[in-house]
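K.L.:
Pasting the sequence and the predicted coordinates here, then a few questions.
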Amino acid sequence: MAAGGHDIGKVSPTFVAKILAACGINYKTMPELARVSPDLEKQWGGHAGVSQATAEDIGTPKYVAEILGQHHGYNPQVDDKRGDAESFGGVPWFEERKKLVAALKECLQADWPNFEFAAQARVVAGLTSVADWIGSGEFFENPEEDWEPNITAALNDAGFIKPVIRSGLSFTEVFDPVNLIMKPREPQSLFIEQVSGPGVYILEAQMGMGKTEAALYAAYQMLEQEKATGIYFALPTQLTSNKIYDRFNAFLGQIVSAETPKRSLLLHSGAWLLDTEMGEEGSPGGAWFNQNKRGLLAPFAVGTIDQALMAVMNVKHGFVRAFGLAGKVVILDEVHSYDLYTGTILNELVAFLRQIDCTVIILSATLNQTRREALLDQVTTNKAYPLITAIPVAEIACKQMSRLNEVGVPAEDGAPVSLRLCDKDEPAVEEALKRAAQGQQVLWIENTVAEAQQRYLDIASRAVQAGCEAGLLHSRFTPQHRAANEERWVALYGKTGWSERAKCGRILVGTQVLEQSLDIDADFLVSRFAPTDMLLQRLGRLWRHADAPRHASARAECWLLAPTLEQALATPHSAFGLSAMVYSPYVLCRSLEAWQELWSIRLPSDIRPLIDQTYAERPETEQWASLLHELKNGSRFRTGEQAQQALAKLTLSKGGKTLPEHKAETRYSDQDTHDLLLLRSLRSQDGATQIRLFDGRELTLPHGHHRLTKAEWRKLAAVLHQQLVRVSPAYCPVKIAKHELEKLHLHEVFYLGRPEDDEALLRVAIVSPAGELLTLDGHSAGDKYTLEYREDLGFRAISNKE
């Protein structure tokens, strides 16, 4: 009934006048509408605001009025207006809306829903919006056609397909169907036993142990037993989510029966956008023509954590994300990698998912006790490693929180890894080049994109001269170029590249995207110093597989580029450089204190002690106390944890104005990034916009939506979305007015936003043959910076200061 009654506010004079005007009818000649101005409805959120005010006045159950008011994605500013307000047509129009409600109840044989708690209502609000989108799609455009037979086709085309799950598959049959050799390891088996139904389950185990497979098989059992409806696999970065697709799809290929219609919709790729139809919001130029968003609504998807976090934030269409997650297995990978800002939102997400019958699986190699307890909202005691922590939902519902189950798992150490701390970069550069020249596969990880780009420039030409290959991976490539780079380099450093290792040495330079969820294996590792948990993750990419082919000169060794502890404590920002802008100097110093005397490390036995030594609370004096104060209270360089936590809680508030999506800051360090469209040329002529891409392809956007089919617009949009890069406003070309972008008809393929929500975020730049970014009229796109884009380097900003 909530979904059926969401549009009762369309029975209002402003909406009727708007419809008549759109049809070319002079509504002013009608006495009831003579004094009506459709523009006024912006003051109360349009017909959705009228729906909400009406529902409040007719006494609907708790939460129902808000659901009706939010169906366009945000809270309408109804203020104190009642259902019979003069703005809404007064009593006569209010009475007509009441009659419509009565007719709907009779037709649907249903009444308004009652909700036990807010989480249920949030899911139904999402259902209402998605139903509205599908109902606005092409299957229901002809009022002369019988709509009921089209319902199944419309749901299928929107991606709402109930998968048929094969039953009785063993772990081996799922993950090694050809050889039938692979057996679950002890931590995997113990974890799978613990996942008995909806609830929260944490698996802490070392890198390379197979946490992903353990989580997926546990998810398979939930699906098989019909205790879950799908899976959302959430990862920290786009690169990690891109590379998990292959493993996830292979898993789906085994567990999903061929009887499932449109099995291709289970795959998460650009093709998904081409194959699905979801009405106006999900069409090219709509807010949800984006695979990262719409993946939440598919039965199975892989994506970044950000879309899931917005399910609990006061952000436009946040409740649609909640609806997409309801009842699923939600796998949260690498949860240690988030700061307190994101961590605060993540805690709220886990609590919310527990309320809506999700099975929440949390994976980490380096979780500290404070974060574990915050995620569970409960005290834990077991210090073992690996460790499994489980709270089934039945125990949560019964408030038997003391029955938390903690299971320690015995584990054997691998070979020791030699460590060397180096306070100068030059010796490490020479060592990396020397080892690559010998034939080793070298991995070099920096903490910022700018440093990674510079290191690649320092190394690349020398590596080629030495007969080696060099590559670069980070987040500031367009999806098209990033995918090509990832495909090549992750394959070369993964199992599929073993046959290539003997051909030549290589150096792969990258940022934090290389430290998480990637099955890559290096012979030698160089890393800029980082917090302990990040360093342990990076070490997980070193000698990952005992049977990987290696050059005879290779030794399991890692060089850490770090200042001395004395330097770090005296002048942390100059000692750590840009890393002190990424990570807290206090945490960096605590980490350096733990690592400075280490000459080697054994995994996994050293993981828990190093994490505890770094993060255990302790009283501080002198410079240590000053750094701790900066961590808690902030400085001119960074916001303190207390303010971060307060800001995060503000985004969770359900009251007040709903945030536009670009202002939904899921990560404190990534706020206010813009989509930048990079093209070789863009011009409007002869009733069309002509576009040339990096690879020389020419695209034509006709000036007129009717000139292409929906499928043709989707195809154009999918291609152009591969030409975007996300950058900070400080490095962005100047904003182009929304109406200028509309003249180029970019609104047909990109969501340019609602002007009243300040969402027109798309920026556009032309890339010259030399790689410089130019404005549409040919001037330099940067002011304080020269902006460049190269296929091998990605986007970068070079300061114009001498």
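P.N.:
Yep, that arrived.

K.L.:
show me where pLDDT drops low in the stretch 201-350 of the chain?
P.N.:
Filtered on pLDDT under 70, the stretch 201-350 of the chain yields the residue ranges 238-243, 262-275, 291, 337.

K.L.:
hey, where'd the helices end up in it?
P.N.:
Using DSSP state H, counting those that start in this stretch, the helices of the stretch 201-350 of the chain run over 211-224, 238-255, 270-275, 291-294, 305-309, 318-325, 340-355.

K.L.:
Mind checking these for the one nearest to residue 502?
P.N.:
helix 238-255 (23.7 Å; CB to CB). Quick note: C-beta positions are derived from backbone N, CA and C, even for glycine.

K.L.:
still on that earlier bit, make TSV out of the helices of the stretch 201-350 of the chain and add distance to residue 71.
P.N.:
Listed next are those as TSV, based on distance: least, CB to CB, whole Å:
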stretch	distance to residue 71
helix 211-224	30
helix 238-255	29
helix 270-275	23
helix 291-294	17
helix 305-309	20
helix 318-325	9
helix 340-355	20
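
K.L.:
nearest to residue 487, of those helices?
P.N.:
Here helix 238-255 is closest among the helices of the stretch 201-350 of the chain (CB to CB), at 9.1 Å.

K.L.:
doesn't residue 295 make contact with residue 303?
P.N.:
Yes - Residue 303 is within contact range of residue 295, at 5.0 Å (criterion: CB atoms under 8 Å).

K.L.:
Need the CA coordinates for stretch 95-103. CSV is fine.
P.N.:
Taking Å, rounded to 0.1, in the frame of the first residue of the first chain, the C-alpha atoms of stretch 95-103 are listed here in CSV:
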residue,chain,number,x,y,z
GLU,A,95,-11.1,15.3,0.1
GLU,A,96,-10.3,14.0,-3.4
ARG,A,97,-7.0,12.6,-2.2
LYS,A,98,-8.8,10.9,0.6
LYS,A,99,-11.2,9.3,-1.9
LEU,A,100,-8.1,8.1,-3.9
VAL,A,101,-6.7,6.5,-0.8
ALA,A,102,-9.9,4.6,-0.2
ALA,A,103,-10.1,3.5,-3.8
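
K.L.:
ok so, going back, out of the helices of the stretch 201-350 of the chain, which is the most enclosed?
P.N.:
The highest mean neighbour count among the helices of the stretch 201-350 of the chain, using mean count of other CB atoms under 10 Å, belongs to helix 318-325: a mean of 26.

K.L.:
From the rest of the structure, what touches that helix?
P.N.:
Helix 318-325 has contacts (CB atoms under 8 Å, 6 or more residues apart in numbering) with 70, 73, 119, 122-127, 129-130, 232, 288, 293, 296-297, 307-308, 310-312, 352-353, 356, 358, 658, 664.

K.L.:
Below-threshold pLDDT in this structure: ranges please.
P.N.:
238-243, 262-275, 291, 337, 394-402, 517, 653-657, 659-672, 754-760, 801-802.

K.L.:
okay, now residue 302: neighbour count?
P.N.:
25 (other CB atoms under 10 Å).

K.L.:
nope, residue 694 is what I meant
P.N.:
Number of residues near residue 694 (other CB under 10 Å) recorded here: 16.

K.L.:
Quick check: it is in a helix.
P.N.:
No - with DSSP: H, G, I helix; E, B strand; the rest coil as the criterion, residue 694 is coil rather than part of a helix.

K.L.:
residues in contact with residue 375?
P.N.:
Listed by CB under 8 Å, 6+ apart, the contact partners of residue 375 are 200, 202, 335, 346-347, 350, 362.

K.L.:
for residue 785, what are its contacts?
P.N.:
Contacts of residue 785 (CB under 8 Å, 6+ apart): 730-731, 797-800.

K.L.:
chain center to the helix or strand containing residue 17: distance?
P.N.:
Counting by DSSP states H and E, the element that carries residue 17 is helix 13-22. Offset of helix 13-22 from its chain centre (CA atoms, centre = their mean, to the nearest Å): 39 Å.

K.L.:
which secondary structure elements does that helix contact?
P.N.:
helix 46-57 (3 or more CB pairs under 8 Å, 6 or more residues apart in numbering; DSSP states H and E).

K.L.:
measure the most centrally placed residue in the chain to residue 380 for me?
P.N.:
Here the mean C-alpha position of the chain is nearest to the C-alpha of residue 304 (CA atoms, centre = their mean), at a distance of 2.6 Å. Distance, residue 304 to residue 380, by CB to CB, to the nearest Å: 27 Å.

K.L.:
ditto for residue 635
P.N.:
As judged by CB to CB, residue 635 and residue 380 stand 33 Å apart.

K.L.:
those helices in the stretch 501-650 of the chain, which residues are they?
P.N.:
532-539, 565-570, 572-576, 579-582, 585-595, 607-615, 622-633, 641-652.

K.L.:
got a list of what the nearest residue to residue 121 once chain neighbours are set aside touches?
P.N.:
Excluding the flanking residues, the one nearest residue 121 by CB to CB, 6 or more residues apart in numbering is residue 63, at 3.6 Å. Contact analysis of residue 63 by CB under 8 Å, 6+ apart lists 115, 118, 121.

K.L.:
and those residues, which of them are in helices?
P.N.:
118, 121 (DSSP state H).

K.L.:
Going by distance to residue 49, which of the contacts of residue 63 wins?
P.N.:
Closest to residue 49, out of all of the contacts of residue 63 and judged by CB to CB, is residue 121, at 18.2 Å.

K.L.:
The closest one and residue 328, how far apart?
P.N.:
19 Å.

K.L.:
quick one: which of those two has more around it?
P.N.:
Using other CB under 10 Å, the more surrounded residue of residue 121 and residue 328 is residue 328, with 26 against 23.

K.L.:
From what I see, that one and residue 358 are in contact.
P.N.:
Yes - Residue 328 lies in contact with residue 358 (CB under 8 Å); the separation is 5.8 Å.

K.L.:
intersection of neighbour lists for these two?
P.N.:
residue 228.

K.L.:
circling back to that earlier point, need the CA coordinates for the helix holding residue 17. PDB is fine.
P.N.:
Extracted C-alpha coordinates of helix 13-22, given in PDB (Å, rounded to 0.1, in the frame of the first residue of the first chain):
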ATOM      1  CA  PRO A  13      -3.600  22.000  -8.400                       C
ATOM      2  CA  THR A  14       0.200  22.700  -9.000                       C
ATOM      3  CA  PHE A  15       0.800  19.200 -10.400                       C
ATOM      4  CA  VAL A  16      -2.300  19.200 -12.600                       C
ATOM      5  CA  ALA A  17      -1.300  22.700 -13.900                       C
ATOM      6  CA  LYS A  18       2.200  21.400 -14.700                       C
ATOM      7  CA  ILE A  19       0.800  18.400 -16.600                       C
ATOM      8  CA  LEU A  20      -1.600  20.600 -18.600                       C
ATOM      9  CA  ALA A  21       1.200  23.100 -19.400                       C
ATOM     10  CA  ALA A  22       3.400  20.300 -20.600                       C
END
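
K.L.:
Need the residues that contact that helix.
P.N.:
9-10, 26-27, 32-33, 36-38, 40-41, 46-47, 50, 87-89, 93.

K.L.:
That one vs helix 46-57, what angle?
P.N.:
Taking axes from the mean of the first three to the mean of the last three CA atoms, to 10 degrees, one finds helix 13-22 and helix 46-57 inclined to each other by 150 degrees.

K.L.:
Next, the buried residues of helix 13-22.
P.N.:
13-18, 20 (16 or more other CB atoms under 10 Å).
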